[in-house]
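Asker: I would like to see how this sequence folds:
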Amino acid sequence: MRQRRFHGLKRIRVRQTWNKYNLFNLWRLRTPPYLWRTFFQQKWTAKSLTRGYHGEHIKEHRWERMFSRRLLSAVNMDPVYMAQHDGSEQAAGRGSGLKTRPDPDNKHAVGPRNNANMRLATPYMQMAYAPMERRLDIAIFRALFASSARQARQFVLHGAVTVNGRKMTHPSYLLNPGDMFQVEIDKVMLGTGKPKPAAKTQRPPKSAPKQEASDVDEADADAEAAESEATEAVSEPVDVEALTKQHQATLKELKDRAQEALDAQDVRLRAKQKQSLRKFVHDIKSTMSRTGKRGSDAPSTSELTDLEAGLSSMLEDLSLTPTQRQDKARQAQQQKEGGGADNNEHALTKQQLELLHDIMDRHRENPVDSSKPYATPWKPRDWMAPFAFIPRYLEVNPRICAAVYLRHPVARPGLAEVPTPFSFNISQLAFNWYLRRR
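Answerer: As a prediction, the model looks like this:
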């Protein structure tokens with residue numbers, strides 16, 4: 001039986017995942033109409049929408065035990081206001097005989113203001129699912145160590161996560177301020193990198209129906225074309241192998257020529273010249289080790305030709321005397337002013353040589369490894385950019401795939417630290433639903 005796709009475009013389901021269909025559903029998510037519904041129906045609809053995103057893999061009774069009426073918040077005090085007042089005016093008001101209303105245009109009002117000098121409201125209702133952010137699997141997803149909350153839960157169950165240096169196999173573990181959790185680097189690269197391409201297998205041809213006599217010639221022509229394509233497909237690995245051997249031989253010859261120039265006793269080389277030759281030899285060796293591996297980007301014939309031309313010009317420059325080198329530089333300058341083609345060709349060869357060095361540097365940082373379960377060289381997973389943000393309550397070190405849970409998320413004027421795609425009204429209705437049920 002064919003498995004149905006979970007994320008689709010007909011029925012909108014928003015989840016904590018980097019799936020492309022889920023990203024499109026998040027983009028087109030709109031507030032449902034509430035005019036014809038009762039207050040109970042509004043709360044139930046808001047609860048079902050928000051619970052689908054905030055921990056849909058968590059059972060409802062577990063979340064009800066985690067739910068808290070306390071909504072943590074923080075207020076940023078205005079330093080100008082604090083310098084001009086001692087705080088006694090905050091107690092003056094009801095019961096003191098003063099009948100004053102807060103002035104929205106007051107420049108010394110407590111809290112941040114927008115361009116119109118208006119105090120921003122604190123979105124407390126967006127903190128309804130703040131206790132869910134303490135879960136270990138949700139924190140791993142927020143730290144960009146997994147492509148979905150379910151995948152983060154799988155990493156925890158498989159023993160790839162440690163909390164404060166100890167292995168933790170419970171995804172429901174609630175983090176405390178100061179806890180450090182770390183995920184295995186291979187797991188993070190598997191979850192956030194592009195998947196490895198699967199090996200393509202040729203399916204056997206389907207049995208063709210009986211043909212009439214008039215269609216025999218066309219069928220024979222199609223069969224011959226299919227046979228020729230199959231022959232080309234079979235002979236392709238042989239051609240690739242021969243081309244790889246040819247590249248290996250060319251690279252070995254270039255390495256030997258550069259090594260002979262380094263070992264030559266009759267030519268005195270400067271320090272920079274020796275350094276450039278040694279770097280060239282090192283790059284050639286790494287290219288030779290990379291060419292024979294499966295799935296690697298082997299250099300093309302044109303790149304090898306340009307590389308050989310660059311080495312020849314480099315060796316020619318090393319064998320020249322200082323006077324000859326000055327004459328050659330003067331001739332190159334004259335050709336440049338006259339618009340000669342030789343200088344452009346030499347500049348193109350130098351550009352190709354610099355490009356090879358850049359490729360080798362990237363290869364050293366991101367090598368090819370066929371034993372890894374993810375695609376190498378490693379590249380970030382598609383549709384990752386919209387989710388590539390880290391909340392303020394996490395401090396992440398991507399080099400060692402570790403993060404510290406600094407504090408519980410709080411609400412600030414104009415900002416709530418709990419990431420949610422829903423509006424203030426929907427979060428308020430969902431919070432009221434759980435208030436009624438407790």
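Asker: next, the buried residues of stretch 68-82.
Answerer: Buried residues in stretch 68-82, counted by 16 or more other Cβ atoms under 10 Å: Leu71, Asp78, Tyr81. The way it works is simple: take the backbone N, C-alpha and C, and place the C-beta from them, glycine included.
Asker: show me which of those residues is closest to Phe141.
Answerer: Leu71 (22.7 Å; Cβ to Cβ).
Asker: what helix or strand is the closest one on?
Answerer: Of the helices and strands defined by DSSP states H and E, none includes Leu71.
Asker: repeat for the one 10 residues further on
Answerer: Under the criterion of DSSP H and E, Tyr81 resides in helix 79-84.
Asker: in CSV, could you pull the C-alpha coordinates for that helix?
Answerer: This file holds the C-alpha atoms of helix 79-84, laid out as CSV (Å, rounded to 0.1, in the frame of the first residue of the first chain):
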residue,chain,number,x,y,z
PRO,A,79,17.7,55.2,32.1
VAL,A,80,16.5,58.8,31.5
TYR,A,81,13.4,58.2,33.5
MET,A,82,15.2,56.4,36.3
ALA,A,83,17.7,59.3,36.5
GLN,A,84,14.9,61.9,36.9
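Asker: pLDDT on the very next helix or strand once past that helix, on average?
Answerer: Next helix or strand after helix 79-84 toward the C-terminus (DSSP H and E): helix 136-142. Computed over helix 136-142, the mean pLDDT rounds to 96.
Asker: can you name every helix or strand that helix 136-142 contacts?
Answerer: helix 149-157, strand 161-163, strand 179-183 (3 or more Cβ pairs under 8 Å, 6 or more residues apart in numbering; DSSP states H and E).
Asker: for Val410, which of the ones you listed is the nearest?
Answerer: Nearest to Val410 among the helices and strands packed on helix 136-142 is strand 179-183 (17.4 Å), distances taken as Cβ to Cβ.
Asker: can you tell me the SS state at Thr420?
Answerer: Secondary structure state of Thr420, per DSSP: H, G, I helix; E, B strand; the rest coil, is coil.
Asker: tell me, how many residues neighbour the spatially closest residue to it that is not a sequence neighbour?
Answerer: Residue nearest to Thr420 in three dimensions, not counting chain neighbours: Gln126, with 6.1 Å by Cβ to Cβ, 6 or more residues apart in numbering. By other Cβ atoms under 10 Å, the residues close to Gln126 number 24.
Asker: Ser148 bridge partners, please.
Answerer: Note on Ser148: beta-bridge partners by DSSP bridges are Thr17.
Asker: quick one: residues contacting it.
Answerer: By Cβ atoms under 8 Å, 6 or more residues apart in numbering, the contact set of Ser148 is Arg15, Gln16, Thr17, Trp18, Asn19, Phe141.
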